[in-house]
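> Predicted model follows, preceded by the sequence.
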Amino acid sequence: MSADLRGIVELAPLVRSGAVSPVRLTEACLERIDARPELNAFITVMRDRALAEARWAEEEIAAGQHRGPLHGIPISVKDLVDIAGVPTTAGSAVPPRHPDADAPIVTRLREAGAVIIGKTNLHEFAFGTTSEESAFGAVKNPRDVTRSAGGSSGGAAVALLEGMCFGSVGTDTGGSIRIPSAVCGIVGLKPTYGELTCEGVVPLSTTLDHIGPMARSVADIAVMFAAMKGAGLEWDSRTRYVFGVPEAYFCERLHPDVRAALERTRETLLRAGHEVRTVAIEHASHTPDVYLHIVLPEASWYHAGTLATDAQRYSPGVRLRLEMGRYILAEDYVRALHLRTRLRRAVDQALEGCDALLLPSLPIPAPVLGEASVDVDGTKEPVRAVMLRLTQLFNISGHPAMAMPAGTTADGWPVSVQLVGHHGQTERLLGIAAAIER
(Lines give C-alpha, C1' and ligand atoms only; values in the text may rest on other atoms or scores of the structure.)
Protein backbone atom coordinates (compact mmCIF):
# COMPACT_ATOMS: atom_id res chain seq x y z
CA MET A 1 0.00 0.00 0.00
CA SER A 2 1.36 3.45 -0.86
CA ALA A 3 2.55 5.72 1.95
CA ASP A 4 -0.32 8.15 1.52
CA LEU A 5 -2.83 5.43 2.48
CA ARG A 6 -1.08 4.32 5.66
CA GLY A 7 -2.30 5.31 9.09
CA ILE A 8 -0.99 8.06 11.36
CA VAL A 9 0.72 5.59 13.71
CA GLU A 10 2.50 3.89 10.80
CA LEU A 11 3.61 7.16 9.21
CA ALA A 12 4.71 9.05 12.32
CA PRO A 13 8.11 7.32 12.81
CA LEU A 14 8.81 7.55 9.07
CA VAL A 15 8.09 11.28 9.11
CA ARG A 16 10.23 11.75 12.19
CA SER A 17 13.18 9.91 10.61
CA GLY A 18 12.89 11.83 7.36
CA ALA A 19 11.98 8.74 5.34
CA VAL A 20 8.60 10.27 4.49
CA SER A 21 8.18 13.94 3.62
CA PRO A 22 5.26 15.96 5.06
CA VAL A 23 5.27 17.94 1.82
CA ARG A 24 4.92 14.80 -0.25
CA LEU A 25 2.19 13.48 2.06
CA THR A 26 0.27 16.73 1.65
CA GLU A 27 0.76 16.72 -2.12
CA ALA A 28 -0.50 13.12 -2.27
CA CYS A 29 -3.65 14.09 -0.34
CA LEU A 30 -4.24 17.08 -2.63
CA GLU A 31 -3.83 14.82 -5.67
CA ARG A 32 -6.47 12.46 -4.32
CA ILE A 33 -8.83 15.36 -3.62
CA ASP A 34 -8.34 16.57 -7.21
CA ALA A 35 -8.87 13.06 -8.58
CA ARG A 36 -12.45 12.70 -7.28
CA PRO A 37 -14.23 16.06 -7.25
CA GLU A 38 -17.57 14.34 -7.88
CA LEU A 39 -17.56 13.03 -4.30
CA ASN A 40 -17.96 16.57 -2.90
CA ALA A 41 -15.89 15.60 0.14
CA PHE A 42 -14.47 19.11 0.66
CA ILE A 43 -15.99 22.57 0.71
CA THR A 44 -12.68 24.43 1.07
CA VAL A 45 -9.30 22.98 0.10
CA MET A 46 -6.57 25.01 1.82
CA ARG A 47 -3.97 24.09 -0.79
CA ASP A 48 -1.36 26.85 -0.50
CA ARG A 49 -1.68 27.16 3.26
CA ALA A 50 -1.42 23.39 3.74
CA LEU A 51 1.70 23.14 1.60
CA ALA A 52 3.28 26.01 3.52
CA GLU A 53 2.47 24.29 6.84
CA ALA A 54 3.92 21.03 5.49
CA ARG A 55 7.16 22.74 4.46
CA TRP A 56 7.44 24.36 7.88
CA ALA A 57 6.82 20.99 9.57
CA GLU A 58 9.50 19.37 7.44
CA GLU A 59 12.00 22.06 8.38
CA GLU A 60 11.18 21.76 12.09
CA ILE A 61 11.56 17.98 12.04
CA ALA A 62 14.85 18.21 10.14
CA ALA A 63 16.07 20.62 12.82
CA GLY A 64 15.28 18.09 15.56
CA GLN A 65 12.08 19.80 16.73
CA HIS A 66 9.65 16.91 16.32
CA ARG A 67 6.41 17.64 18.17
CA GLY A 68 4.84 14.19 18.18
CA PRO A 69 2.96 11.69 15.99
CA LEU A 70 0.76 14.32 14.27
CA HIS A 71 3.68 16.49 13.20
CA GLY A 72 3.52 16.93 9.43
CA ILE A 73 0.37 14.78 9.05
CA PRO A 74 -2.50 16.19 6.90
CA ILE A 75 -5.80 16.46 8.80
CA SER A 76 -9.20 17.71 7.64
CA VAL A 77 -11.74 19.68 9.66
CA LYS A 78 -15.52 19.59 9.27
CA ASP A 79 -16.80 22.92 7.94
CA LEU A 80 -18.70 23.57 11.13
CA VAL A 81 -15.46 24.33 12.98
CA ASP A 82 -13.77 27.74 12.80
CA ILE A 83 -10.39 28.19 11.12
CA ALA A 84 -9.06 31.75 11.12
CA GLY A 85 -9.34 33.42 7.73
CA VAL A 86 -11.52 30.67 6.22
CA PRO A 87 -15.33 31.01 5.97
CA THR A 88 -17.33 28.63 8.15
CA THR A 89 -20.17 27.72 5.78
CA ALA A 90 -21.76 24.84 7.72
CA GLY A 91 -22.65 23.45 4.29
CA SER A 92 -25.27 26.14 3.80
CA ALA A 93 -26.17 28.94 1.39
CA VAL A 94 -26.98 31.04 4.47
CA PRO A 95 -24.24 33.70 4.76
CA PRO A 96 -21.19 32.11 6.47
CA ARG A 97 -19.35 33.39 9.46
CA HIS A 98 -15.82 34.70 8.97
CA PRO A 99 -13.74 33.78 12.03
CA ASP A 100 -10.58 35.67 12.93
CA ALA A 101 -9.44 32.92 15.32
CA ASP A 102 -9.13 29.15 15.22
CA ALA A 103 -11.46 27.04 17.34
CA PRO A 104 -9.50 25.75 20.37
CA ILE A 105 -9.58 22.22 18.94
CA VAL A 106 -7.86 23.46 15.77
CA THR A 107 -5.31 25.36 17.87
CA ARG A 108 -4.42 22.15 19.72
CA LEU A 109 -4.03 20.20 16.47
CA ARG A 110 -1.75 22.92 15.11
CA GLU A 111 0.29 22.86 18.32
CA ALA A 112 0.72 19.11 17.75
CA GLY A 113 2.12 19.91 14.29
CA ALA A 114 -0.84 18.75 12.18
CA VAL A 115 -1.21 20.15 8.66
CA ILE A 116 -4.78 21.37 8.09
CA ILE A 117 -5.56 20.45 4.51
CA GLY A 118 -9.12 21.74 4.25
CA LYS A 119 -12.70 21.84 5.47
CA THR A 120 -15.02 18.94 4.70
CA ASN A 121 -18.59 18.91 3.42
CA LEU A 122 -21.54 17.99 5.63
CA HIS A 123 -25.29 17.80 5.90
CA GLU A 124 -26.32 21.45 6.19
CA PHE A 125 -25.79 22.77 9.73
CA ALA A 126 -25.20 19.12 10.78
CA PHE A 127 -28.98 18.65 10.77
CA GLY A 128 -29.21 15.37 8.88
CA THR A 129 -27.86 11.84 8.61
CA THR A 130 -27.12 11.45 4.88
CA SER A 131 -25.03 14.53 3.90
CA GLU A 132 -27.23 15.02 0.85
CA GLU A 133 -28.62 18.42 1.84
CA SER A 134 -25.65 20.72 1.28
CA ALA A 135 -25.30 23.92 -0.70
CA PHE A 136 -22.05 22.44 -2.05
CA GLY A 137 -23.59 19.24 -3.40
CA ALA A 138 -24.43 15.94 -1.77
CA VAL A 139 -21.49 13.98 -0.41
CA LYS A 140 -21.21 10.80 -2.50
CA ASN A 141 -20.12 7.37 -1.31
CA PRO A 142 -16.89 6.40 -3.12
CA ARG A 143 -18.01 2.77 -3.41
CA ASP A 144 -21.21 3.77 -5.25
CA VAL A 145 -22.03 7.44 -5.89
CA THR A 146 -25.77 6.71 -5.73
CA ARG A 147 -25.38 5.82 -2.04
CA SER A 148 -25.03 8.02 1.02
CA ALA A 149 -21.74 8.39 2.86
CA GLY A 150 -23.66 8.96 6.09
CA GLY A 151 -23.97 12.20 7.97
CA SER A 152 -23.65 14.73 9.05
CA SER A 153 -19.84 14.33 8.92
CA GLY A 154 -20.05 12.61 5.54
CA GLY A 155 -17.28 14.58 3.86
CA ALA A 156 -14.87 13.72 6.67
CA ALA A 157 -15.53 10.00 6.29
CA VAL A 158 -15.13 10.09 2.50
CA ALA A 159 -11.89 12.08 2.80
CA LEU A 160 -10.46 9.39 5.06
CA LEU A 161 -11.71 6.51 2.97
CA GLU A 162 -10.17 8.00 -0.19
CA GLY A 163 -6.81 8.97 1.33
CA MET A 164 -7.49 12.70 1.10
CA CYS A 165 -6.31 13.08 4.70
CA PHE A 166 -5.19 10.84 7.59
CA GLY A 167 -7.51 12.04 10.32
CA SER A 168 -10.50 14.32 10.54
CA VAL A 169 -12.37 16.40 13.07
CA GLY A 170 -16.10 15.68 13.11
CA THR A 171 -19.07 16.67 15.25
CA ASP A 172 -21.77 14.43 16.70
CA THR A 173 -25.18 15.57 17.99
CA GLY A 174 -27.17 12.40 17.32
CA GLY A 175 -24.59 10.16 15.67
CA SER A 176 -22.90 12.43 13.14
CA ILE A 177 -19.42 10.98 13.72
CA ARG A 178 -20.48 7.36 14.25
CA ILE A 179 -23.03 7.11 11.41
CA PRO A 180 -20.67 8.08 8.54
CA SER A 181 -17.89 6.06 10.17
CA ALA A 182 -20.19 3.03 10.10
CA VAL A 183 -21.29 3.64 6.51
CA CYS A 184 -17.72 4.10 5.25
CA GLY A 185 -15.96 1.45 7.32
CA ILE A 186 -13.71 3.70 9.42
CA VAL A 187 -13.43 4.48 13.15
CA GLY A 188 -15.15 7.41 14.83
CA LEU A 189 -15.16 8.54 18.46
CA LYS A 190 -17.73 10.63 20.31
CA PRO A 191 -16.05 11.42 23.65
CA THR A 192 -17.85 12.05 26.92
CA TYR A 193 -20.07 15.14 26.73
CA GLY A 194 -18.08 18.31 27.45
CA GLU A 195 -14.71 16.56 27.42
CA LEU A 196 -13.61 18.42 24.29
CA THR A 197 -14.66 22.04 23.99
CA CYS A 198 -17.18 22.99 21.29
CA GLU A 199 -16.08 26.62 21.40
CA GLY A 200 -15.64 27.93 17.87
CA VAL A 201 -18.04 25.32 16.47
CA VAL A 202 -21.40 26.24 14.91
CA PRO A 203 -23.91 24.67 17.33
CA LEU A 204 -26.81 22.43 16.46
CA SER A 205 -27.93 21.62 20.01
CA THR A 206 -25.65 22.78 22.80
CA THR A 207 -27.12 20.19 25.16
CA LEU A 208 -26.24 17.32 22.80
CA ASP A 209 -23.28 18.56 20.69
CA HIS A 210 -19.96 16.71 20.83
CA ILE A 211 -16.75 17.06 18.81
CA GLY A 212 -14.35 14.21 18.16
CA PRO A 213 -11.83 12.47 15.91
CA MET A 214 -12.35 10.21 12.90
CA ALA A 215 -9.58 8.02 11.47
CA ARG A 216 -8.78 4.64 9.93
CA SER A 217 -7.86 2.83 13.15
CA VAL A 218 -8.34 2.99 16.90
CA ALA A 219 -4.63 3.76 17.31
CA ASP A 220 -4.96 6.78 15.02
CA ILE A 221 -8.08 7.90 16.92
CA ALA A 222 -6.07 7.79 20.15
CA VAL A 223 -3.33 9.98 18.66
CA MET A 224 -5.88 12.55 17.49
CA PHE A 225 -7.86 12.49 20.73
CA ALA A 226 -4.73 13.10 22.78
CA ALA A 227 -3.87 16.12 20.63
CA MET A 228 -7.43 17.47 20.73
CA LYS A 229 -7.51 17.06 24.51
CA GLY A 230 -4.05 18.56 24.89
CA ALA A 231 -2.86 15.77 27.19
CA GLY A 232 -1.37 12.31 27.07
CA LEU A 233 -3.56 9.24 27.37
CA GLU A 234 -3.38 6.44 29.90
CA TRP A 235 -5.42 3.26 29.84
CA ASP A 236 -5.19 -0.24 31.22
CA SER A 237 -4.09 -3.04 28.93
CA ARG A 238 -6.05 -5.94 30.35
CA THR A 239 -6.69 -8.96 28.18
CA ARG A 240 -10.18 -9.75 29.45
CA TYR A 241 -13.23 -7.48 29.44
CA VAL A 242 -16.92 -7.76 30.16
CA PHE A 243 -19.29 -6.53 27.45
CA GLY A 244 -23.00 -5.91 27.82
CA VAL A 245 -25.28 -6.27 24.79
CA PRO A 246 -28.52 -4.25 25.16
CA GLU A 247 -30.72 -6.52 23.05
CA ALA A 248 -34.10 -4.89 23.74
CA TYR A 249 -34.67 -1.89 21.42
CA PHE A 250 -31.09 -1.86 20.06
CA CYS A 251 -31.12 -5.31 18.44
CA GLU A 252 -34.78 -5.58 17.49
CA ARG A 253 -34.89 -4.11 13.97
CA LEU A 254 -31.66 -4.74 12.07
CA HIS A 255 -30.62 -5.63 8.53
CA PRO A 256 -29.86 -9.39 8.59
CA ASP A 257 -26.18 -8.81 7.76
CA VAL A 258 -25.87 -6.25 10.57
CA ARG A 259 -27.36 -8.78 12.98
CA ALA A 260 -24.95 -11.43 11.70
CA ALA A 261 -21.96 -9.09 12.17
CA LEU A 262 -22.97 -8.42 15.77
CA GLU A 263 -23.24 -12.16 16.41
CA ARG A 264 -19.83 -12.77 14.82
CA THR A 265 -18.33 -10.08 17.02
CA ARG A 266 -19.95 -11.57 20.11
CA GLU A 267 -18.65 -15.06 19.27
CA THR A 268 -15.16 -13.77 18.50
CA LEU A 269 -15.01 -11.97 21.86
CA LEU A 270 -16.14 -15.10 23.69
CA ARG A 271 -13.51 -17.23 21.95
CA ALA A 272 -10.88 -14.66 22.94
CA GLY A 273 -11.76 -15.11 26.60
CA HIS A 274 -13.98 -12.05 27.15
CA GLU A 275 -17.38 -12.21 28.81
CA VAL A 276 -20.45 -11.08 26.86
CA ARG A 277 -23.74 -10.74 28.71
CA THR A 278 -27.21 -9.43 27.88
CA VAL A 279 -28.20 -6.18 29.60
CA ALA A 280 -31.17 -3.81 29.43
CA ILE A 281 -31.33 -0.02 29.16
CA GLU A 282 -34.53 1.07 30.85
CA HIS A 283 -36.70 3.62 29.00
CA ALA A 284 -34.62 3.27 25.79
CA SER A 285 -37.78 3.36 23.68
CA HIS A 286 -38.32 6.98 24.80
CA THR A 287 -35.04 8.03 23.20
CA PRO A 288 -36.45 9.54 19.95
CA ASP A 289 -39.02 11.67 21.81
CA VAL A 290 -36.48 13.00 24.30
CA TYR A 291 -33.99 13.70 21.52
CA LEU A 292 -36.43 15.60 19.30
CA HIS A 293 -37.80 17.70 22.16
CA ILE A 294 -34.26 18.87 22.92
CA VAL A 295 -32.61 19.18 19.51
CA LEU A 296 -35.49 20.87 17.67
CA PRO A 297 -36.03 23.87 19.98
CA GLU A 298 -32.30 24.37 20.64
CA ALA A 299 -31.55 24.38 16.91
CA SER A 300 -34.50 26.65 16.19
CA TRP A 301 -33.35 29.10 18.87
CA TYR A 302 -29.87 29.38 17.37
CA HIS A 303 -31.22 29.91 13.85
CA ALA A 304 -34.07 32.27 14.77
CA GLY A 305 -32.35 35.33 13.29
CA THR A 306 -31.44 33.83 9.94
CA LEU A 307 -34.80 32.07 9.67
CA ALA A 308 -36.35 35.54 9.88
CA THR A 309 -34.09 37.03 7.19
CA ASP A 310 -32.80 34.17 5.01
CA ALA A 311 -35.25 31.29 5.39
CA GLN A 312 -35.30 30.64 1.64
CA ARG A 313 -31.55 29.91 1.68
CA TYR A 314 -31.90 26.78 3.82
CA SER A 315 -32.35 23.34 2.28
CA PRO A 316 -36.02 22.33 2.46
CA GLY A 317 -35.55 19.44 4.90
CA VAL A 318 -33.31 21.41 7.24
CA ARG A 319 -35.62 24.41 7.18
CA LEU A 320 -38.60 22.16 7.99
CA ARG A 321 -36.85 20.73 11.06
CA LEU A 322 -35.85 24.21 12.23
CA GLU A 323 -39.40 25.49 11.79
CA MET A 324 -40.72 22.50 13.76
CA GLY A 325 -38.58 23.58 16.69
CA ARG A 326 -40.64 26.74 17.03
CA TYR A 327 -43.67 24.69 18.03
CA ILE A 328 -42.12 22.72 20.90
CA LEU A 329 -43.67 23.84 24.17
CA ALA A 330 -41.35 24.99 26.94
CA GLU A 331 -42.99 22.40 29.19
CA ASP A 332 -42.08 19.63 26.72
CA TYR A 333 -38.48 20.87 26.49
CA VAL A 334 -38.06 20.93 30.28
CA ARG A 335 -39.66 17.49 30.55
CA ALA A 336 -37.15 16.17 28.01
CA LEU A 337 -34.26 17.60 30.03
CA HIS A 338 -35.53 15.75 33.11
CA LEU A 339 -35.93 12.53 31.12
CA ARG A 340 -32.38 13.01 29.88
CA THR A 341 -31.17 12.55 33.45
CA ARG A 342 -33.21 9.34 33.78
CA LEU A 343 -31.78 7.97 30.54
CA ARG A 344 -28.25 8.77 31.68
CA ARG A 345 -28.87 6.80 34.87
CA ALA A 346 -30.34 3.93 32.84
CA VAL A 347 -27.17 3.70 30.74
CA ASP A 348 -25.08 3.83 33.93
CA GLN A 349 -27.12 0.95 35.35
CA ALA A 350 -26.69 -1.12 32.17
CA LEU A 351 -22.93 -0.59 32.45
CA GLU A 352 -22.76 -1.85 36.04
CA GLY A 353 -20.46 -4.85 36.08
CA CYS A 354 -19.48 -4.25 32.44
CA ASP A 355 -16.48 -2.54 30.90
CA ALA A 356 -18.45 -1.43 27.84
CA LEU A 357 -21.70 -1.92 25.97
CA LEU A 358 -21.60 -3.64 22.58
CA LEU A 359 -24.25 -2.96 19.95
CA PRO A 360 -24.49 -2.10 16.24
CA SER A 361 -23.62 1.44 15.14
CA LEU A 362 -26.20 1.50 12.36
CA PRO A 363 -29.16 -0.83 11.66
CA ILE A 364 -28.64 -0.76 7.88
CA PRO A 365 -25.86 -0.46 5.29
CA ALA A 366 -25.49 2.73 3.22
CA PRO A 367 -28.92 3.94 2.01
CA VAL A 368 -29.57 5.24 -1.50
CA LEU A 369 -29.37 9.04 -1.78
CA GLY A 370 -32.80 10.62 -2.03
CA GLU A 371 -34.69 7.73 -0.47
CA ALA A 372 -37.14 8.85 2.22
CA SER A 373 -37.70 5.37 3.65
CA VAL A 374 -35.87 2.07 3.87
CA ASP A 375 -36.92 -1.51 4.51
CA VAL A 376 -35.80 -2.82 7.89
CA ASP A 377 -36.78 -6.34 8.86
CA GLY A 378 -39.74 -6.24 6.48
CA THR A 379 -41.01 -2.81 7.60
CA LYS A 380 -40.66 0.52 5.78
CA GLU A 381 -39.25 3.17 8.10
CA PRO A 382 -38.00 6.77 7.61
CA VAL A 383 -34.30 6.80 6.72
CA ARG A 384 -33.47 9.55 9.22
CA ALA A 385 -35.14 7.75 12.14
CA VAL A 386 -33.46 4.45 11.28
CA MET A 387 -30.00 5.98 11.00
CA LEU A 388 -30.30 7.76 14.36
CA ARG A 389 -31.90 4.87 16.23
CA LEU A 390 -28.79 3.29 17.75
CA THR A 391 -26.62 6.36 18.33
CA GLN A 392 -28.76 9.23 19.62
CA LEU A 393 -29.26 7.86 23.15
CA PHE A 394 -25.57 8.34 23.91
CA ASN A 395 -25.72 12.00 22.92
CA ILE A 396 -28.59 12.36 25.37
CA SER A 397 -26.72 10.49 28.11
CA GLY A 398 -23.30 11.93 27.26
CA HIS A 399 -21.48 8.59 27.50
CA PRO A 400 -18.42 8.07 25.28
CA ALA A 401 -19.19 5.95 22.23
CA MET A 402 -17.30 4.86 19.15
CA ALA A 403 -17.98 3.09 15.87
CA MET A 404 -15.62 0.36 14.65
CA PRO A 405 -15.63 -1.73 11.45
CA ALA A 406 -17.05 -5.25 11.88
CA GLY A 407 -16.91 -6.78 8.41
CA THR A 408 -19.25 -6.33 5.47
CA THR A 409 -22.65 -7.31 4.19
CA ALA A 410 -22.98 -10.12 1.65
CA ASP A 411 -22.70 -7.54 -1.14
CA GLY A 412 -19.65 -5.78 0.32
CA TRP A 413 -21.03 -2.81 2.27
CA PRO A 414 -19.30 -1.99 5.59
CA VAL A 415 -20.93 -3.02 8.85
CA SER A 416 -19.99 -1.46 12.18
CA VAL A 417 -20.26 -2.19 15.87
CA GLN A 418 -20.54 0.47 18.54
CA LEU A 419 -18.80 0.45 21.91
CA VAL A 420 -20.17 2.60 24.73
CA GLY A 421 -18.08 3.31 27.81
CA HIS A 422 -18.59 4.64 31.30
CA HIS A 423 -19.29 8.36 31.66
CA GLY A 424 -16.07 10.32 31.92
CA GLN A 425 -13.93 7.32 30.94
CA THR A 426 -13.21 7.89 27.26
CA GLU A 427 -9.58 6.81 27.65
CA ARG A 428 -10.69 3.52 29.19
CA LEU A 429 -13.02 2.99 26.21
CA LEU A 430 -10.14 3.62 23.81
CA GLY A 431 -8.09 0.97 25.60
CA ILE A 432 -10.90 -1.56 25.26
CA ALA A 433 -11.34 -0.69 21.58
CA ALA A 434 -7.59 -1.05 21.00
CA ALA A 435 -7.66 -4.53 22.55
CA ILE A 436 -10.53 -5.56 20.29
CA GLU A 437 -8.81 -4.11 17.24
CA ARG A 438 -5.66 -6.10 17.99
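Okay, I see it.
> Going by C-alpha atoms from here, please, whenever you check contacts or count neighbours.
Fine.
> now the stretch 1-150 of the chain, which segments are flagged as low pLDDT?
Applying pLDDT under 70 to the stretch 1-150 of the chain flags the ranges 1-4.
> Please enumerate the strands of it.
Ranges of strands in the stretch 1-150 of the chain, per DSSP state E, counting those that start in this stretch, are 42-45, 74-78, 115-120.
> So which bits of the lengthiest helix in the chain are buried?
Longest helix of the chain, by residue count under DSSP state H: helix 330-351. The neighbour-count check on helix 330-351 (16 or more other CA atoms under 10 Å) flags 333, 336-337, 339-340, 343-344, 346-348, 350-351 as buried.
> a markdown table for those, including distance to residue 374?
Formatted as a markdown table, those follow (distance: CA to CA, whole Å):
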| residue | distance to residue 374 |
| --- | --- |
| 333 | 30 |
| 336 | 28 |
| 337 | 30 |
| 339 | 29 |
| 340 | 28 |
| 343 | 28 |
| 344 | 30 |
| 346 | 30 |
| 347 | 28 |
| 348 | 32 |
| 350 | 30 |
| 351 | 31 |
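> of these, closest to residue 282?
Of all the buried residues of helix 330-351, residue 282 sits closest to residue 346, with 5.5 Å by CA to CA.
> the domain parsing of this structure - what is it?
3-229, 242-286+330-426 (automatic domain parsing).
> Pick the most buried one from those domains.
By mean neighbour count, with neighbours taken as mean count of other CA atoms under 10 Å, domain 3-229 ranks first of these at a mean of 24.
> after the longest helix of the chain, next one along is what?
strand 356-360 (DSSP states H and E).
> So which elements touch the longest helix of the chain?
strand 242-246, helix 287-302, helix 393-397 (3 or more CA pairs under 8 Å, 6 or more residues apart in numbering; DSSP states H and E).
> by how many degrees do the longest one and helix 330-351 diverge?
Spelled out, that is helix 287-302. Interaxial angle, helix 287-302 versus helix 330-351 (axes from the mean of the first three to the mean of the last three CA atoms, to 10 degrees): 130 degrees.
> contact partners of stretch 341-359?
For stretch 341-359, contacts defined as CA atoms under 8 Å, 6 or more residues apart in numbering pick out 241-246, 250-251, 262, 279-284, 393, 396-399, 417-423, 429, 432.
> Now do the end-to-end distance for it.
Start-to-end span of stretch 341-359 (CA to CA, to the nearest Å) is 22 Å.
> Averaged pLDDT, the longest helix of the chain. What do you get?
What helix 330-351 shows for mean pLDDT is 98.
> In TSV: the strands of the stretch 1-150 of the chain, plus distance to residue 372.
Shown next, in TSV, are these (distance: least, CA to CA, whole Å):
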stretch	distance to residue 372
strand 42-45	25
strand 74-78	25
strand 115-120	24
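> out of the ones you listed, nearest to residue 322?
Comparing these by their distance to residue 322 (CA to CA), the top pick is strand 74-78, with 21.1 Å.
> where do the helices sit along the stretch 51-200 of the chain?
Under the criterion DSSP state H, counting those that start in this stretch, helices of the stretch 51-200 of the chain are mapped to 104-111, 154-161, 178-184.
> by how many degrees do the longest helix of the chain and strand 356-360 diverge?
Relative orientation of helix 330-351 with respect to strand 356-360: 110 degrees, computed using the same axes, to 10 degrees.
> show me what contacts residue 148?
130-132, 139-141, 183, 366-369.
> Apply 10 Å and report the result again.
129-132, 138-142, 154, 180, 183-184, 365-371 (CA atoms under 10 Å, 6 or more residues apart in numbering).
> so what pLDDT did the residue nearest the centre of the chain get?
Closest residue to the average C-alpha location of the chain: residue 177 at 1.4 Å, with CA atoms, centre = their mean. Residue 177 carries a pLDDT value of 98.
> Quick check: phi and psi on it?
For residue 177, the backbone dihedrals (degrees, to the nearest 10) come out as phi -90, psi -50.
> same deal with residue 404?
phi -140, psi 140.
> Excluding covalently adjacent residues, which one is nearest to it?
Counting by CA to CA, 6 or more residues apart in numbering, residue 404 lies nearest to residue 187, which is 4.9 Å off, once chain neighbours are set aside.
> Hmm, that neighbour is touching residue 157, no?
Yes: with contacts counted by CA atoms under 10 Å, residue 187 reaches residue 157, the gap being 9.1 Å.
> what do these two both touch?
Contacts common to residue 187 and residue 157, judged by CA under 10 Å, 6+ apart, are 177-178, 180-181, 214-216.
> Dump those into a markdown table; add distance to residue 383 as well.
Formatted as a markdown table, the shared contacts of residue 187 and residue 157 follow (distance: CA to CA, whole Å):
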| residue | distance to residue 383 |
| --- | --- |
| 177 | 17 |
| 178 | 16 |
| 180 | 14 |
| 181 | 17 |
| 214 | 23 |
| 215 | 25 |
| 216 | 26 |
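> for residue 376, what are its contacts?
Residue 376 touches 253-256, 363-364, 382-383, 386, counting by CA under 10 Å, 6+ apart.
> Would you check how far apart residue 182 and residue 418 are?
9 Å.
> beta partners of residue 201?
According to DSSP bridges, the residues that bridge with residue 201 are residue 81.
> and it, what pLDDT?
pLDDT, residue 201: 98.
> picking up where we left off before, between the helices and strands packed on helix 330-351, which one is nearest to residue 44?
Short answer: helix 287-302, nearest of these by CA to CA, at 24.2 Å.
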